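Trainee: The sequence and its predicted three-dimensional model are supplied below.
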Amino acid sequence: MKFEPKTLDFEKSPYTGVTRETWIEAGKYLLENAFRSIKSFDDPVVLPRYEDEVTYPNKNTPGWKVQAEYFEGLTRTLFIAAPLIAIEPDITICGFKLRDYYKAQILRSVTPGDPNYVRTYTDMQAEYGEGDPFATYQQTVETCALVICLDECHGQIWDTYTKEEKDLIAEFLTDYAGNPTVPQNWRLFNMLDYAFLYKYGYEIDRDIMRDHAQAILGYYAGNGWYRDGRGFDYYSCWAFNLYTPIWNNWYGYENEPYLAKRFEENSNELMKSYPDWFDRDGFTNMWGRSGIYRFAATSAIVGNFLFKNSTADPGLARRIASGSLLQFLTRDDFLYNGVPTLGFYRPFLPLVQGYSCAESPYWMGKAFSCLTLPEDDPFWTAKENNGTWESLGEKESKVTYLDGPGLCMTNHGANGITELRTGKVTLPKDDVHTMWNYSKLVFSTKFPWESATDPDVESQQYVLIDTPTGERQRCNTTLWAGEKDGILYRRQFFSYDTDHETCWLTAMNLADFPVPNGMIRADKLRTCRGPLELTLGAYGFPDNGTSIEEKTCGDFKAVVLKGHSHTGAPIQLAMTIFDGWDGLSTISNTGTNPDSENSVLVYARTKRSRIYAYEKYFLISQVITKNDLADFTEEELFPIERIEYTDPQGCGGYGPVRLVMRDQSVKTIDFDGIEGKLTL
């Protein structure tokens, strides 16, 4: 059953109607569905699951991690419950008084000998450490969620514990705070554990705290983004930019003013561009790992309001947070037996990582931190506005280039969609699953990425077939070269590894730029191998009854798809090839699309006949989309009037390539000098 708000105010919130009371209703909706699966007061938060091969616990799960699932269920649902308990202390869900249930379950989780005991770091090292002094455990993650929630409703739970009970919890937290953690966003978990202990009167190791904090600041890449592990994703937002303001308030402002100031400045820098990551409806883009956290991506905006000197626009912030909330909760396929699915919308295992369990999606509860802001906070009282979208013309596209993290978002006034182009990506060459999350050429808020069943074709990715060997290669590494004259330049390597010099690897020099409903690509093949075949897919298209039509304009060809998404929304997509390609085809898929069970993929295909042949180097194409069924105009389908090459053979082997558009504007693609600008 989908969420249907009872309280709406379209005067205060003209875009969504959503108010603080609506958020409270949404929190209760999520908890009521979850608690239907909890049979008794003594039961932990272990919820229904429909999959046991990828997510844990499964047949390969060590014993300690079975208990970790108990802790995930407890702390992640508490993200939603804690602010509700603070607002309504006697709140009861499915017969459970929440403050009593969580108070008891928290204490049981840290009490040795209790069936729900989740074990300290020291316990697990003794039993499972296997001699690794740096081993890490899932419980470290959940301790951070626990302390945030204990503070949010401290008057109802923490303050009601006896001194002995508080000391037991503090001992448990201290053991995790002072022991090894994963050297990326996890260091924030240790920082928050220590900061909570400090706030509530316990001794901490200030040197460990300071070491973690300086390391976190050292991950900062610019534009408000932190590098997390090997690259960039929403962890920079739902971890770095939510935890740092909490840390500042509990510890940093008082004890580490330099670090606290920098964290605040970085968040304010993020606020300059982060609202443009969301589309006209406030939709979140499916990109990066942990997509099952959904609208947690908005928590970075909420986090900015927790700093002393917040610069976020409150009316825009609430509009985005509420729009993203509705993106998911109002779908009829969002829940499985009352639990948010392991997917983005419906169940979708290609998205899911092995570190997740059935309870993991409640990490989205971080967005409910907005309910810790008082009723009279501007976040709740300001009138909704839609930022960029209010002034963006129907044929205009706003492009924001972020050189720090190598990210670029485009807001399209014509269709209200935001498209994301990424750089600074490097992944194992056999990890196709992670390539879907990070290596797509473009990510769309309305056409989330599609996985693959055919080894020769991928949505928004090139696939190379080495003809002599039959080997299929995908682009696992993307380098960023930045923008010049409205063109974004990047390079992707097929099957990149460090065993080969890059001159031995096939690559695509990427050049793309927006048109009103999408993106034009003018990419150049760089190879020393042959013969070969190449394919390039458009976005996956939900197939709930799709019409397919072919169009031509001279030598240019297009395929147009019309249909509806799972929710019944009208959708349309067209892929056009201008040069370098042999033709367009379509393929039908099942189980590869996050929106609908069935889908259609349009793709371009071409061959190169031999090694060292002076053949077409440039592959020029376009993908455009919109949210209605009105025909694309010929100008929209075929916006290029002619292509002018420097070389007389018209292959693009050297020199600039000029795309003369129908409106007589000119886009010049010039890869000269890209080699010296590539960054990772």
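Mentor: Everything's here; your move.
Trainee: Show me what counts as buried in the longest strand along the chain.
Mentor: Counting residues, the longest strand found in the chain (DSSP state E) is strand 472-484. Buried positions in strand 472-484, judged by neighbour count with 16 or more other Cβ atoms under 10 Å: 472, 473, 474, 475, 476, 477, 478, 479, 480, 481, 482. Bear in mind the C-beta positions are built from the backbone N, C-alpha and C, glycine included.
Trainee: Just put the residues you listed in JSON lines and tack on pLDDT.
Mentor: Output for the buried residues of strand 472-484, formatted as JSON lines (pLDDT from 0 to 100):
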{"residue": "472", "pLDDT": "96"}
{"residue": "473", "pLDDT": "97"}
{"residue": "474", "pLDDT": "97"}
{"residue": "475", "pLDDT": "98"}
{"residue": "476", "pLDDT": "98"}
{"residue": "477", "pLDDT": "98"}
{"residue": "478", "pLDDT": "98"}
{"residue": "479", "pLDDT": "98"}
{"residue": "480", "pLDDT": "98"}
{"residue": "481", "pLDDT": "98"}
{"residue": "482", "pLDDT": "98"}
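Trainee: need those in CSV with distance to residue 315, can you?
Mentor: Below are the buried residues of strand 472-484 laid out as CSV (distance: Cβ to Cβ, whole Å):
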residue, distance to residue 315
472, 49
473, 48
474, 42
475, 40
476, 41
477, 40
478, 35
479, 38
480, 33
481, 37
482, 33
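Trainee: Tell me the secondary structure at residue 165.
Mentor: helix (DSSP: H, G, I helix; E, B strand; the rest coil).
Trainee: Skip ahead from the helix or strand residue 325 falls within and say which helix or strand is next.
Mentor: Element membership of residue 325, judged by DSSP states H and E, is helix 314-329. Using DSSP H and E, the next helix or strand after helix 314-329 towards the C-terminus is strand 335-336.
Trainee: So which elements touch the helix or strand following that following strand?
Mentor: Next helix or strand after strand 335-336 toward the C-terminus (DSSP H and E): strand 339-340. Contacts defined by 3 or more Cβ pairs under 8 Å, 6 or more residues apart in numbering; DSSP states H and E place strand 339-340 against helix 20-35.
Trainee: Show me what whichever helix or strand comes after the helix it packs on packs onto, helices and strands only.
Mentor: As assigned by DSSP H and E, the chain's next helix or strand after helix 20-35 is helix 63-87. In terms of contacts (3+ Cβ pairs under 8 Å, 6+ apart), helix 63-87 is packed against helix 20-35, helix 98-109, helix 121-128, helix 139-152.
Trainee: To residue 61, which of the ones you listed lies closest?
Mentor: The minimum distance between residue 61 and the helices and strands packed on helix 63-87 falls on helix 121-128, with 11.5 Å, by Cβ to Cβ.
Trainee: Packing partners of that closest one?
Mentor: Using 3+ Cβ pairs under 8 Å, 6+ apart, helix 121-128 is in contact with helix 63-87, helix 139-152, helix 163-177.
Trainee: any idea which of those scores lowest on pLDDT?
Mentor: Of all these, the minimum mean pLDDT falls on helix 63-87 (a mean of 93).
Trainee: buried ones in that helix?
Mentor: Result for helix 63-87 [16+ other Cβ under 10 Å]: buried residues 64-65, 67-86.
Trainee: quick one on the thing from earlier: as CSV, the helices and strands packed on helix 121-128 with distance to residue 126 would be great.
Mentor: Listed next are the helices and strands packed on helix 121-128 as CSV, based on distance: least, Cβ to Cβ, whole Å:
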stretch, distance to residue 126
helix 63-87, 11
helix 139-152, 14
helix 163-177, 12
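Trainee: Please parse this protein into its domains.
Mentor: 20-390, 392-674 (automatic domain parsing).
Trainee: Tell me the span between the first and last residue of the last one.
Mentor: Distances were taken as Cα to Cα, to the nearest Å; on that basis the terminal residues of domain 392-674 are 31 Å apart.
Trainee: residues of stretch 29-48 that come out buried?
Mentor: Buried-residue list, stretch 29-48, by 16+ other Cβ under 10 Å: 29, 30, 31, 33, 34, 35, 37, 38, 44, 45, 46, 47.
Trainee: Those: which two are farthest apart?
Mentor: 29 and 44 (21.7 Å).
Trainee: which non-adjacent residue is nearest residue 88?
Mentor: residue 24 (7.9 Å; Cβ to Cβ, 6 or more residues apart in numbering).
Trainee: if you average pLDDT over each of the helices and strands packed on helix 63-87, which comes out lowest?
Mentor: Ranked by mean pLDDT, the helices and strands packed on helix 63-87 end with helix 121-128 at the bottom, a mean of 92.
Trainee: now that one, how far from the chain's geometric center?
Mentor: Its chain's C-alpha centre and that of helix 121-128 lie 33 Å apart, by Cα atoms, centre = their mean, to the nearest Å.
Trainee: And that helix, what's buried?
Mentor: Neighbour-count burial for helix 121-128 [16+ other Cβ under 10 Å]: 121, 123, 124, 125.
Trainee: now do stretch 560-571
Mentor: 560, 561, 562, 563, 564, 565, 566, 567, 571.
Trainee: repeat for stretch 624-640
Mentor: 624, 625, 626, 627, 632, 636, 637, 638, 639, 640.
Trainee: CSV please, covering the residues you listed and showing distance to residue 183, secondary structure and pLDDT.
Mentor: CSV is the format used below for those (distance: Cβ to Cβ, whole Å; DSSP: H, G, I helix; E, B strand; the rest coil; pLDDT from 0 to 100):
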residue, distance to residue 183, secondary structure, pLDDT
624, 42, strand, 98
625, 40, strand, 98
626, 44, strand, 97
627, 43, coil, 95
632, 49, coil, 98
636, 48, helix, 98
637, 49, helix, 98
638, 51, coil, 98
639, 47, coil, 98
640, 48, strand, 98
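Trainee: circling back to that earlier point, and the buried residues of strand 472-484, which two are furthest apart?
Mentor: Maximum distance among the buried residues of strand 472-484 (Cβ to Cβ): 30.4 Å, for 472 and 482.
Trainee: Now do the end-to-end distance for stretch 666-676.
Mentor: 25 Å.
Trainee: neighbouring contacts of it?
Mentor: 481, 484-487, 489, 491, 509, 511, 513, 520, 522, 524, 618, 655-661 (Cβ atoms under 8 Å, 6 or more residues apart in numbering).
Trainee: Let's see that with 10 Å instead.
Mentor: 479, 481-482, 484-487, 489-491, 502, 509-513, 515, 520-524, 526, 617-618, 620, 640-641, 643-644, 646, 652, 654-661 (Cβ atoms under 10 Å, 6 or more residues apart in numbering).
Trainee: Just the buried ones from these?
Mentor: 479, 481-482, 487, 489-491, 509-513, 515, 520-524, 526, 617-618, 620, 640-641, 643, 652, 657, 659.
Trainee: coming back round to it: report the two of the buried residues of stretch 624-640 separated the most.
Mentor: Distance extremes for the buried residues of stretch 624-640: the farthest pair is 627 and 640 at 24.2 Å, using Cβ to Cβ.
Trainee: May I have the predicted confidence score for the most centrally placed residue in the chain?
Mentor: Taking Cα atoms, centre = their mean, the centroid of the chain lies closest to residue 287, which sits 4.0 Å from it. Among the per-residue scores, residue 287 shows a pLDDT of 98.
Trainee: Contacts only, for the residue lying closest to it once chain neighbours are set aside.
Mentor: Nearest-residue entry for residue 287: residue 443, 4.6 Å, with adjacent residues in sequence omitted and distances by Cβ to Cβ, 6+ apart. Contact partners of residue 443, counting by Cβ under 10 Å, 6+ apart, are 285-288, 409, 418-422, 437, 449, 460, 539.
Trainee: okay, those residues in JSON lines with distance to residue 204 and secondary structure next?
Mentor: As requested, the contacts of residue 443 are exported to JSON lines (distance: Cβ to Cβ, whole Å; DSSP: H, G, I helix; E, B strand; the rest coil):
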{"residue": "285", "distance to residue 204": "38", "secondary structure": "coil"}
{"residue": "286", "distance to residue 204": "39", "secondary structure": "coil"}
{"residue": "287", "distance to residue 204": "36", "secondary structure": "coil"}
{"residue": "288", "distance to residue 204": "32", "secondary structure": "coil"}
{"residue": "409", "distance to residue 204": "40", "secondary structure": "strand"}
{"residue": "418", "distance to residue 204": "42", "secondary structure": "strand"}
{"residue": "419", "distance to residue 204": "45", "secondary structure": "strand"}
{"residue": "420", "distance to residue 204": "39", "secondary structure": "strand"}
{"residue": "421", "distance to residue 204": "43", "secondary structure": "strand"}
{"residue": "422", "distance to residue 204": "38", "secondary structure": "strand"}
{"residue": "437", "distance to residue 204": "36", "secondary structure": "helix"}
{"residue": "449", "distance to residue 204": "42", "secondary structure": "coil"}
{"residue": "460", "distance to residue 204": "47", "secondary structure": "coil"}
{"residue": "539", "distance to residue 204": "49", "secondary structure": "coil"}
